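Participant: Structure, please.
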Amino acid sequence: MNEGLHILGLLCIILTVLYAAKRIAVRLEVQRLSKGWGQRHYEENAVYRAARLFAAGGSAEELKRLLSDSYQFDSAKVEQILSLSYSGRVDHDYAYVNFIKAVNDVLGEEVYRAAQS
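Facilitator: So this is what the prediction gives:
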């Protein structure tokens, strides 16, 4: 009888540890996704591609398509980015920088750096 209780106790302890490990893993995954750790590289590349396209004279439809795939931007933010950045498009040397600045202005913080190309 005592052996059965010991085995049952060990089984409960093991299940509790596994459950706690699973909860911690889920919590870390949620934090990682909320901070954008996992998708940041992909999202940054999409924004940087849009900035290069903008500097090269790409159309507004192409830019909207690239930016609308991002979880960071809805259609209103995309329109706001385009309206802010088109004023700086006349200066071809700084079009890329102006686009990145417009994206950061819409996000409210400096997420993207203009130094990357």
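Participant: elements contacting whichever strand or helix holds Cys12?
Facilitator: Using DSSP states H and E, Cys12 sits within helix 2-35. Contacts defined by 3 or more CB pairs under 8 Å, 6 or more residues apart in numbering; DSSP states H and E place helix 2-35 against no helix or strand at all. In short, each C-beta sits where N, CA and C put it, glycine included.
Participant: what comes up buried for it?
Facilitator: Neighbour counts using 16 or more other CB atoms under 10 Å place no residue of helix 2-35 among the buried ones.
Participant: Distance from it to the middle of the chain?
Facilitator: Chain-centre distance of helix 2-35: 30 Å, with CA atoms, centre = their mean, to the nearest Å.
Participant: same check, this time on stretch 99-113
Facilitator: Distance, stretch centre to chain centre, for stretch 99-113: 13 Å (CA atoms, centre = their mean).
Participant: Give the buried residues for that stretch.
Facilitator: Phe99, Ile100, Lys101, Ala102, Val103, Asn104, Val106, Tyr112.
Participant: Check the average confidence over stretch 56-70, would you?
Facilitator: Averaged across stretch 56-70, pLDDT comes to 86.
Participant: Only C-alpha atoms, please: export that stretch in CSV.
Facilitator: Only the C-alpha atoms of stretch 56-70 are listed here, as CSV (Å, rounded to 0.1, in the frame of the first residue of the first chain):
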residue,chain,number,x,y,z
ALA,A,56,13.4,54.0,-55.9
GLY,A,57,10.1,55.6,-56.8
GLY,A,58,7.7,52.6,-56.3
SER,A,59,4.0,53.1,-56.5
ALA,A,60,1.7,53.7,-53.6
GLU,A,61,-0.1,50.4,-54.2
GLU,A,62,3.1,48.4,-53.9
LEU,A,63,4.0,50.2,-50.7
LYS,A,64,0.5,49.6,-49.3
ARG,A,65,0.8,45.9,-50.1
LEU,A,66,4.2,45.6,-48.4
LEU,A,67,3.1,47.5,-45.3
SER,A,68,-0.3,46.0,-44.9
ASP,A,69,1.2,42.6,-44.4
SER,A,70,2.7,43.8,-41.1
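Participant: Poorly predicted segments of the protein, please.
Facilitator: For the chain, residues meeting the criterion pLDDT under 70 lie at 33-44, 88, 116-117.
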